[in-house]
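In: Return atomic coordinates for the entry below.
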Amino acid sequence: MSNSMSAAIRDINHRLFGGYAELLRKPHTARFAIGSVIASMPFPMVGMTITISVQHYYGSYFLAGMLTAIQAIALSVASPLLGKLVDKFGQREIAIPTVIVWVVAAMLLITAITSQAPIWVLYAITPFLAAIPPWGAMSRGRWTYILKGDRVQTDRALSLSGVFDECMWVIGNPLASILAVISGILAFSFTGLCVVIGAIMVLSEMSTEPPSQTQHARQSGITRKQYRDQEATKAAILQGGKKQKSIWGPGLIAICVTWFGLGAFQSAAAISIIAFTREHNAEQMTGFVFACFSFSSLLGAVVYGAKNWLIPLWKRFYVCLIVVNLGIGCFLFAKHIWVIMIIYLLIGVCQAPTWINGNQLILHLVSPARFTEGVSWMGAMNSIGASVGSAIAGQFIDMSGSHGGFIVVTVLALTSLLLAFTGFKQIKEGTEKPVLTQIAL
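Out: Numbers count the residues shown, from 1 in each chain. From the prediction side, this is the model:
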């Protein structure tokens, strides 16, 4: 009996983790995959650190919401630009100076907050915290380069990236709330250390870095513009359509609009939950509430990526989106922290699959030479939505408390779902096209 049980457990482990282990056993992959997650720690930590620190020193959720909104807007502008530059010139050439800018900006901002500098100083420094290399897109770009032509392995690698991302959020959110309550300086110092260590791990691994457009053009004896036109022609031939000089086809526009709405209501939910925990004298629980969502999302990513799905991608995309939107929209009716935690645990299993599906959609819509840029645009629109959501929710929280914030969350969640279905035709058609990363370079 025990032997059969042990065999069953080993079989389950192999089904769930065997594919991931196979990917990480490939030479040099574990280093960049893990390093990119460590370097991305500003994403789960900076927003919460700013919110808790600013509320502590300035006593205003509106100011905290405005600063996080400014950082998100700046990130939405910088991310596509950095992604485009990475595709053009290479990961190392762009990431190194960008990391230096971020570290200096983080030091200046936390110094200004703790010394209660004039508000305009905070507004002036905060945009520079958007100087974050697109680590997630760069890591996914490396996977698609290494696994070119292997659709099953590529999909699993994107799922593995989602698993690592959720690990980052599971650790980063509660850690940020704990460290920021102790000291904003401590929280920013830890985040900066993660950025430096992660950057070294990724950028020192050069054998897996995909060639830039500059390198491809130089090898072919042509200009970058000629090379991009050449790739656009290949994509048009593969998809049986007209050549597009821009990556902005109908499918990518629909995805970006959807991600805008997703960012808006999830960001509004985050700042509303922070206010909710403070009203219930449980501020130290804030990070653990978010960790429930991230932990559930982590489980969803592990299981989702372990299976080779036969259900069409567009159906999976919309099912996961409906669960997340309607679930978070129910926060309005929560009277206790544990209710929010339970809702997060139930719906979180669809959060990571939603992002994984989005990344897989990008494979159908953007050529490999511009993959980093495409993923960065998707993240940028999410950041713009987050800035709108946090700014609106911050005002309602200052006027009506967390209940006002949750009203905003419900309205934004339903509106986001409506926006997602307006792009149904474009997203469905996009998934029926060949995967553009199968184009031979």
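
In: In three-state terms, label the most centrally placed residue in the chain for me.
Out: For the chain, Gly379 is the residue whose C-alpha lies nearest the centre (CA atoms, centre = their mean; 6.0 Å). For Gly379, the secondary structure call by DSSP: H, G, I helix; E, B strand; the rest coil comes out as helix.

In: isn't it right up against Ile132?
Out: No: Gly379 is not in contact with Ile132 according to CB atoms under 8 Å; the separation is 10.2 Å. C-betas here are computed from N, CA, C, even on glycine.

In: Identify the contacts common to the two.
Out: Common neighbours of Gly379 and Ile132 (criterion: CB atoms under 8 Å, 6 or more residues apart in numbering): Ser79.

In: burial count for Ile311?
Out: By other CB atoms under 10 Å, 9 other residues sit near Ile311.

In: ah, wrong one, I meant Val349
Out: For Val349, using other CB under 10 Å, the count is 20.

In: In contact with it: list those residues for me.
Out: Ser296, Ser297, Leu299, Gly300, Val303.

In: again, 10 Å this time
Out: For Val349, the contact set (CB atoms under 10 Å, 6 or more residues apart in numbering) comprises Ser296, Ser297, Leu298, Leu299, Gly300, Ala301, Val302, Val303, Tyr304, Cys320, Val323, Val324.

In: Look up how far Ile342 lies from it.
Out: 13 Å (CB to CB, to the nearest Å).

In: so Gly65 touches Asp398, yeah?
Out: Yes: look at Gly65 against Asp398 with CB atoms under 10 Å: they come within range, at 8.6 Å.

In: between those two, who's got more neighbours?
Out: Using other CB under 10 Å, the more surrounded residue of Gly65 and Asp398 is Gly65, with 30 against 16.

In: Pull the contacting residues for the more buried one.
Out: 50-51, 54-55, 267-268, 271, 274, 387, 389-398, 405.

In: hmm, try it at 7 Å
Out: Ile271, Ser390, Ala391, Ala393, Gly394 (CB atoms under 7 Å, 6 or more residues apart in numbering).

In: Kindly indicate the member of these with the most neighbours.
Out: In terms of neighbour count, Ser390 stands highest of those at 34 neighbours, by other CB under 10 Å.

In: where in the stretch 1-150 of the chain is pLDDT low?
Out: Residues of the stretch 1-150 of the chain meeting the criterion pLDDT under 70: 1-18, 149.

In: Quick one: the helices in it, in order.
Out: Assigned by DSSP state H, counting those that start in this stretch, the helices in the stretch 1-150 of the chain fall at 2-24, 29-39, 42-58, 61-89, 91-114, 119-125, 135-146.

In: Save these as a markdown table, and put in distance to Glu279 too.
Out: Below are those laid out as a markdown table (distance: least, CB to CB, whole Å):
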| stretch | distance to Glu279 |
| --- | --- |
| helix 2-24 | 40 |
| helix 29-39 | 33 |
| helix 42-58 | 12 |
| helix 61-89 | 11 |
| helix 91-114 | 23 |
| helix 119-125 | 25 |
| helix 135-146 | 34 |
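
In: Out of the ones you listed, which is closest to Arg278?
Out: helix 42-58 (7.9 Å; CB to CB).
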